[in-house]
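Q: the following comprises the amino acid sequence and a computationally predicted model.
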Amino acid sequence: MARLLKQPVKLALIQLATTADKAHNLSHARSKVLEASRAGARIIVLPECFNSPYGTKYFPKYAETLLPSPPSKEKSPSFHALSDMAREAQSYLIGGSIPEYEEDTKELFNTSLTFGPSGDLLATHRKVHLFDIDIPGKIRFKESEVLSPGNKITLLDLPDYGKVAIAICYDIRFPELATIAARKGAFLLLYPGAFNLTTGALHWELQARARAMDNQVYVGLCSPARDMDADYNAWGHSMIVDPNAAIIEQLDEKEGIVYAELNGDKIEEVRKGIPIYGQRRFDVYPDVSKDAKVGEAE
Ligand SMILES: NC(=O)CCC(=O)C(=O)O
């Protein structure tokens with residue numbers, strides 16, 4: 001099997017304390033991205049909706065126009081802030097997600113932008129599975145009231161390291177995305193996400209470890225810090241899981257950065273020991289990675 005991760009790399013997930021002030025969120029994100037870079041991280045991740053509060057009433061207000069790309073600074077201050085951060089940090093930056101407005105279709109999306117160390121845009125992922133749930137007495141949330149879904153799986157080849165899949169929060173509950181990305185060679189699945197106090201306690205850790213276990217790859221979940229004064233209380237607990245489904249490190253609910261050194265040897269060791277990767281029975285069931293819509297931009 002070809003080496004999935006070409007050389008060891010330090011991954012950082014920034015559990016950012018976000019506010020209603022977009023300019024503050026952008027400058028605060030910059031200081032944390034540079035902190036992670038000084039600590040040696042070369043793949044750095046921000047959380048879902050890192051530039052705004054999370055909630056359907058906020059998406060239209062905070063949305064930025066990304067197309068045609070590159071957008072002007074007026075149309076998308078976050079695009080330019082993320083590009084500058086990646087260049088200053090000399091790192092790959094998965095810019096969590098931001099609310100996006102597409103002028104032509106008048107649709108809103110929950111969109112993740114990834115930039116390379118020279119500040120160039122490498123990938124755009126629009127959340128494919130919208131967060132629509134209703135648990136009586138606990139939480140009702142319907143992203144689909146205002147958002148449209150993206151239509152592809154995002155798999156990105158980082159020239160220095162290898163393939164990374166990017167999806168957003170609720171996307172993690174659909175294991176097909178992870179399996180397709182892993183079968184197409186991803187060494188790492190990254191999910192900027194904001195679970196809540198109900199589903200976070202139930203499933204956050206389980207989802208992270210299950211995707212790692214099923215696919216024998218590294219998994220990173222990056223949440224905003226919890227703010228009990230906000231309308232939506234994020235679970236926090238950003239974590240990095242190894243290809244054997246062991247948690248390398250996990251934060252609590254407060255702001256912080258979780259780091260891990262990722263190593264291709266670990267993936268190979270795990271796959272050699274439990275060789276499910278080569279034991280699939282496509283004569284019994286179909287290969288979900290065949291005919292999947294995979295790309296780097298919508
Ligand atoms: N922002 C989200 O997609 C939240 C997903 C979530 O909480 C879940 O339980 O799934």
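A: Yep, that arrived.

Q: beyond the longest strand seen in the chain, next helix or strand please.
A: Determined from DSSP state E, the single longest strand within the chain is strand 107-115. Proceeding N to C from strand 107-115, the next assigned helix or strand is strand 121-126, under DSSP states H and E.

Q: residues making contact with that next one?
A: By C-beta atoms under 8 Å, 6 or more residues apart in numbering, the residues outside strand 121-126 that reach it are 66, 69-70, 79, 83, 92, 97, 100, 109-116, 148-151, 154, 156, 158, 166-168, 296-298. Every residue, glycine included, has its C-beta placed from N, CA and C.

Q: out of those residues, which end up buried?
A: For the contacts of strand 121-126, a burial check counting by 16 or more other C-beta atoms under 10 Å picks out 66, 79, 83, 92, 97, 100, 109-116, 148, 150, 154, 156, 158, 166-168, 296, 298.

Q: inside helices: which ones of the contacts of strand 121-126?
A: In helices, defined here by DSSP state H, the members of the contacts of strand 121-126 are F79, S83.

Q: around the ligand, which positions in this structure sit nearby?
A: Residues of the chain lying close to the ligand (C-beta under 6 Å from any ligand atom) are E48, F131, C169, Y170, R173, G193, A194, F195, N196, T199, H203.

Q: who are the contact partners of the spatially closest residue to the fourth one that is not a sequence neighbour?
A: To tie it back to what came earlier, the one meant is Y170. Take Y170 and drop its neighbours on the chain: the residue closest to it by C-beta to C-beta, 6 or more residues apart in numbering is F131, 4.1 Å away. By C-beta under 8 Å, 6+ apart, the contact set of F131 is F141, K142, E143, C169, Y170.

Q: can you pull the phi/psi pair for F131?
A: Dihedral pair for F131: phi -80, psi 90, per degrees, to the nearest 10.

Q: report the separation between it and F59.
A: Distance of F131 to F59, given as C-beta to C-beta, to the nearest Å: 12 Å.

Q: which secondary structure elements does the longest strand of the chain sit against?
A: Packing contacts for strand 107-115, counted by 3 or more C-beta pairs under 8 Å, 6 or more residues apart in numbering; DSSP states H and E, involve helix 59-62, helix 77-89, strand 92-94, strand 98-102, strand 121-126.

Q: just the mean pLDDT for it, thanks.
A: Here strand 107-115 scores 98 as its mean pLDDT.

Q: run the angle between that strand and strand 121-126 for me.
A: 150 degrees (axes from the mean of the first three to the mean of the last three C-alpha atoms, to 10 degrees).

Q: A20 is in contact with G55, isn't it?
A: No. A20 is beyond contact range of G55, at 10.4 Å (criterion: C-beta atoms under 8 Å).
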